[in-house]
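>>> Output the structure for:
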Amino acid sequence: MKLLTEKLVQQLLSKNEEPCISIYMPTHRSHPENQQDPIRYKNLLKEIQTSLLQRYSNDETNEFIAPLEELIDDPKIWNMTLEGLAIFSSASVMEIVKLQIPVEPLAIVADSFHTKPLRKYLQSVDRFHVLGLSLHDISLYEGNRHYLTEVDLMAAVPKTIEEALGYELTDKHTTVASYGGTSGESSVMRHGHGGKKEETDIDAERFFREIGKAIHENYSKPSGLPLILAALPEHHNLFQKLNENPLLLSHGIKVNPKSVSEEKLIELAWEVMEPEYQKTLDLWVEKFEQARADGKGSDDYKELAIAAVEGRIDTLLLESDKVIAARITNLETGNTQKKDIDNPRVDDLLDDMGELVLKMGGKVIMMPAEKIPTETGLAAIYRY
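All right, here's what the predicted structure looks like:
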């Protein structure tokens, strides 16, 4: 299974081989609720099969469905789920993504993968990581103002001080000498290299440095998410002093996260994150207003559709819950056409625009309606 990152979405968007199968479904973390998940998955496969048979033969359909059917009895998938699951399959792709958010059941066969639910989540700027840190072990959470999910740490990230330091733990650094006793039995004398507090301080510094580096490389860099430290007050100064992660926020949560409920941890984390979130939104609004004043920004969707296909959009701000009943009908000219959309979850102009901008290497940011600086639901900053 893969972590959900912008890089993964861009890889999926780069594939245009028919058929591209996209499946989304909510899942459950625990027994007995998770026993229903494979059954719901089989029902979605039936929808995929019906869709495939409209264009392909029985043999071709069975070939496309076969790798997806193999997942039905795979305990590694159904026993380790989070809030949702996304599966993408084509001739050269098989990606299974555990989601930190619940999603509506959806089964789509098309000439490209359907990534709108993933992009909507990734492009929200209220997301963050919480690093739970003590002298003995660590935990990592991902979430937003509404929920937090503990992350299953990669093998590259040590989970305890023993994993991080191994035999370099200073309290194991003792000189052992054997002396023959008068009874013929040997006795052991240990010569320590410092007091207990000094050893603990040295271990803490090494441990925190190792953890900081591992979280930065494996989680902060790939995701770009702000990092909030949750630890006892006495650990904050040392970790901040050793920190080389630019995404670590200067303010943190001064409790051990294991000592409070999930609801309380979400509340404490959002108290830290909300000012940063509002600051980020205000900054993008200011950047757009300045770009528009300089002739390098617009909120006209017809104009922006042309700019998107030409690769001229650097950053696109989208109203998170708005749907525009129009489509880009020509990916060479950027022409648009207003029409009824039978299923707005599948496609709308904002979805098309976001996908195009990402494909062209631009940035897309979802904003709440009260913050978007235009009436049209979208605003773009041009590269040139």
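>>> leaving aside the residues next to it on the chain, what's closest to L281?
Leaving aside its chain neighbours, L281 sits nearest to K371 (4.8 Å; criterion: Cβ to Cβ, 6 or more residues apart in numbering). (C-beta placed from N, C-alpha, C; glycine too.)
>>> what about the one you found, how many neighbours?
Residues near K371, counting by other Cβ atoms under 10 Å, number 16.
>>> Check what pLDDT it gets.
As predicted, K371 sits at a pLDDT of 95.
>>> Can you list phi and psi of it for me?
phi -110, psi -20 (degrees, to the nearest 10).
>>> wait, doesn't it sit right on V285?
Yes: using Cβ atoms under 8 Å, K371 makes contact with V285 at a distance of 6.8 Å.
>>> Surely V157 is in contact with H216?
No: V157 is not in contact with H216 according to Cβ under 8 Å; the separation is 10.4 Å.
>>> The stretch 201-350 of the chain: strands as residue ranges?
Here the stretch 201-350 of the chain has its strands, by DSSP state E, counting those that start in this stretch, at 227-231, 297-298, 313-319, 326-328, 336-338.
>>> what is the mean pLDDT for stretch 253-261?
Mean pLDDT, stretch 253-261: 95.
>>> Hmm, I typed the wrong one, I wanted stretch 230-244.
Mean pLDDT, stretch 230-244: 96.
>>> For that stretch, buried residues please.
Going by neighbour count (16 or more other Cβ atoms under 10 Å), the buried part of stretch 230-244 is 230-231, 235-236, 238-240, 242-243.
>>> Stretch 307-317 too?
Neighbour-count burial for stretch 307-317, with 16+ other Cβ under 10 Å as criterion, is recorded at 307-309, 312-317.
>>> cool, and stretch 153-171?
Within stretch 153-171, the residues scored as buried using 16+ other Cβ under 10 Å are 153, 157-159, 161, 164-165, 169-170.
>>> would a markdown table of the residues you listed with pLDDT and distance to K363 be doable?
Shown next, in a markdown table, are those (pLDDT from 0 to 100; distance: Cβ to Cβ, whole Å):
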| residue | pLDDT | distance to K363 |
| --- | --- | --- |
| L153 | 92 | 28 |
| V157 | 95 | 27 |
| P158 | 93 | 33 |
| K159 | 93 | 33 |
| I161 | 92 | 38 |
| A164 | 90 | 35 |
| L165 | 88 | 39 |
| L169 | 75 | 44 |
| T170 | 71 | 45 |
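>>> need the residues you listed in TSV with distance to T333, can you?
Listed next are the buried residues of stretch 153-171 as TSV, based on distance: Cβ to Cβ, whole Å:
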residue	distance to T333
L153	48
V157	48
P158	54
K159	53
I161	60
A164	56
L165	60
L169	65
T170	68
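>>> Run through the neighbouring helices and strands of the host helix or strand of E162.
For E162, the element it lies in under DSSP states H and E is helix 161-165. Using 3 or more Cβ pairs under 8 Å, 6 or more residues apart in numbering; DSSP states H and E, the elements in contact with helix 161-165 are helix 196-215.
>>> correct me, but E205 touches F239?
No: if you go by Cβ under 8 Å, E205 and F239 don't touch, sitting 9.6 Å apart.
>>> ok so, going back, can you give me the distance of the residue nearest to L281 to D294?
21 Å (Cβ to Cβ, to the nearest Å).
>>> Count the residues that sit near the residue nearest to P222 when sequence neighbours are not counted.
Excluding its sequence neighbours, the residue lying closest to P222 (Cβ to Cβ, 6+ apart) is T5, at 5.1 Å. T5 has 16 neighbours, counted by other Cβ under 10 Å.
>>> any idea which helix or strand comes after the helix or strand where E63 lies?
Using DSSP H and E, E63 sits in helix 58-69. Beyond helix 58-69 on the C-terminal side, the first helix or strand identified by DSSP H and E is helix 75-78.
>>> Put the alpha carbons of that following helix into PDB.
Taking C-alpha atoms only, helix 75-78 is exported to PDB below (Å, rounded to 0.1, in the frame of the first residue of the first chain):
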ATOM      1  CA  PRO A  75      -5.900 -10.100   4.800                       C
ATOM      2  CA  LYS A  76      -3.000  -7.500   4.500                       C
ATOM      3  CA  ILE A  77      -5.600  -5.100   3.000                       C
ATOM      4  CA  TRP A  78      -8.700  -5.800   5.000                       C
END
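>>> How far off centre is that helix?
Distance of helix 75-78 from its chain centroid, counting by Cα atoms, centre = their mean, to the nearest Å, is 20 Å.
>>> Tell me which residues of it come out buried.
If you call a residue buried by 16+ other Cβ under 10 Å, then helix 75-78 has these buried ones: 77-78.
>>> Identify the residues contacting that helix?
Under the contact criterion Cβ atoms under 8 Å, 6 or more residues apart in numbering, helix 75-78 has outside partners 1, 27, 34, 37-38, 71, 85, 96.
>>> Out of those residues, which end up buried?
With burial judged by 16+ other Cβ under 10 Å, the buried subset of those is 27, 37-38, 71, 85, 96.
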